[in-house]
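K.L.:
the sequence and its predicted three-dimensional model are supplied below.
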Amino acid sequence: MRVTVRLFARLRDIAGSGELTREAPAGANVHAVWSSLVADFPELSAYEKSISCAVNADYSRFTAAVADGDEVAFLPPVSGG
Amino acid sequence: MRSLDTSGIGAVSVFLGLVRDNNRGKRVLYLDYEAYEPLALRGLDLIVEEARERWPSVRLAIHHRIGRMEIGEASVAIAAASPHRADAFAASRYAIERIKQIVPIWKHEYFDGGDVWIEGATADPEDSKAREEALRIACA
């Protein structure tokens, strides 16, 4: 299956793009998508403990399953205000 | 004020967050804000809902800008209207604390000699400790 990955702020800078398409095996969860990103962009691994994730623009968990066509977002610590 | 429905309202507290000219000992030139917009809007809605739970008589409006902002410009505006001032102050303070905790917006700071993404809190709306901390600050 295919998912759209959204990256923001420093994560986007590291990957060189804010939106990527990734192939993921059926039944993959959010963490599997993250791991495949880290394999391509090792600098992302520093964020493993501090990121949040969202699926289809709703906060989610690393253990959540993803489905074909989902938008999976990884969010570094926020700094609004 | 005339455009606001003020029936029963005795206080409006307005908070503006401005782009400051210095941070961590460096001279700031400007900020560029980025957001994950659909989730940021949901986050703001959630904050309004949380505030309503705690202060049922408060009406809250929040606006956050994104993009490049110069020193002294307002990046965020919060208005809280309520029958009495204590709740208006508390709800607006709560809203800004929660924005900093859970809304997916990021500051890209351009300072004298470089730039850096500011990273604050790991966003988790279900983190009850963070929410309690925001309530504690708001009611202090």
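P.N.:
Ah, there it is. Residues are numbered from 1 along each chain as shown, chains lettered A, B, ... in the order given.
K.L.:
contacts and neighbour counts: CA atoms only from here.
P.N.:
OK.
K.L.:
which other helices and strands contact the longest helix along chain A?
P.N.:
Ordering each helix of chain A by length in residues (DSSP state H) puts helix A:30-40 first. Counting by 3 or more Cα pairs under 8 Å, 6 or more residues apart in numbering or on different chains; DSSP states H and E, no packing neighbours are recorded for helix A:30-40 among the helices and strands.
K.L.:
in it, which residues are buried?
P.N.:
The neighbour-count check on helix A:30-40 (16 or more other Cα atoms under 10 Å in any protein chain shown) flags A:30-34, A:37-38 as buried.
K.L.:
could you confirm residue B:136 falls within a strand?
P.N.:
No - the assignment for residue B:136 is helix, going by DSSP: H, G, I helix; E, B strand; the rest coil, so no strand is present there.
K.L.:
now do the most centrally placed residue in chain B, the pLDDT please.
P.N.:
The central residue of chain B, meaning the one whose C-alpha is nearest the mean C-alpha position (Cα atoms, centre = their mean), is residue B:96 at 3.1 Å. Among the per-residue scores, residue B:96 shows a pLDDT of 98.
K.L.:
how about the helix or strand it falls within: buried residues?
P.N.:
In the assignment (DSSP states H and E), residue B:96 maps to helix B:85-102. Within helix B:85-102, the residues that count as buried by 16+ other Cα under 10 Å are B:85, B:87-102.
K.L.:
out of these, who's near chain A?
P.N.:
With Cα under 8 Å from any Cα of the partner chain as the criterion, the subset of the buried residues of helix B:85-102 in contact with chain A comprises B:96, B:99-102.
K.L.:
what residue ranges in chain B score low on pLDDT?
P.N.:
B:1-4 (pLDDT under 70).
K.L.:
what parts of chain A come near chain B?
P.N.:
Looking at chain B, the residues of chain A close enough under Cα under 8 Å from any Cα are A:8-10, A:50-52, A:57-59, A:75-81.
K.L.:
ranking these by neighbours, who comes first?
P.N.:
Ranked by the number of neighbours (other Cα atoms under 10 Å in any protein chain shown), the residues of chain A next to chain B place residue A:80 first, at 30 neighbours.
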